[in-house]
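# Sequence and predicted model, in that order:
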Amino acid sequence: MSRIWLLLGLLLGCPESKKAEAPVERAQPSAPESPLHMSKPDEVRVQLDLSAARSAIQQKIQIEGAAPPTIDGLGLRLHYPSDLIYDPAAGTVRSRTYPQH
């Protein structure tokens, strides 16, 4: 019983913890020269987008024998779709912001 009162006292007596800030929604990833705490999460999201798009394109090529005309029709949920540059003739995709990936 005393544990319940102790727990209740701790919960009621504790100051409100700092609420997590909502992530900043960006239309484009932050530039590579941005401060490290800003650019790294965006860079990782771009890498995930590239990986997902490349995988879906390869699957489409294997199934249909040709690359899709656009990556929009692949049904991917991308973080930064406008950052991707797709070449349908070669079936390749790259990033505008992080061309090294």
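That came through, no problem.
# can you give me how far the host helix or strand of Gln47 is from the chain middle?
Gln47 is part of helix 36-64 when elements are defined by DSSP states H and E. Distance of helix 36-64 from its chain centroid, counting by Cα atoms, centre = their mean, to the nearest Å, is 9 Å.
# Please apply the same query to stretch 27-47.
Remark: stretch 27-47 is offset 10 Å from the chain centroid, using Cα atoms, centre = their mean.
# How many residues are close by Pro69?
9 (other Cβ atoms under 10 Å). Where you see a C-beta, it was placed from the backbone N, CA and C, and this is true even at glycine.
# Check which helix or strand it maps to.
Applying DSSP H and E, one finds Pro69 in no helix or strand.
# Name the nearest residue to the residue sitting nearest the centre point of the chain, ignoring sequence neighbours.
Central residue of the chain (Cα atoms, centre = their mean): Arg45, 3.0 Å from the mean position. Distances taken as Cβ to Cβ, 6 or more residues apart in numbering place His79 nearest to Arg45, at 4.0 Å, with adjacent residues excluded.
# Let me know the pLDDT of the one you found.
His79 carries a pLDDT score of 93 in this model.
# Look up how far Gly65 lies from it.
Distance of His79 to Gly65, given as Cβ to Cβ, to the nearest Å: 30 Å.
# Among those two, which residue is more densely surrounded?
The neighbour comparison of His79 against Gly65 (other Cβ under 10 Å) goes to His79, with 17 against 7.
# doesn't Leu50 make contact with the more buried one?
No. In this structure His79 lies outside contact range of Leu50 using Cβ atoms under 8 Å: 10.4 Å.
# overlap in contacts of these two?
Residues touching both His79 and Leu50 (Cβ atoms under 8 Å, 6 or more residues apart in numbering): none.
# Where does pLDDT dip in the chain?
Within the chain, the stretches with pLDDT under 70 are 1-24, 36-38.
# Identify the residue spatially nearest to Leu39, adjacent ones excluded.
For residue 39 the amino acid is Ser, not Leu. Leaving out its chain neighbours, the residue that sits closest to Ser39 by Cβ to Cβ, 6+ apart is Ser30, at 4.8 Å.
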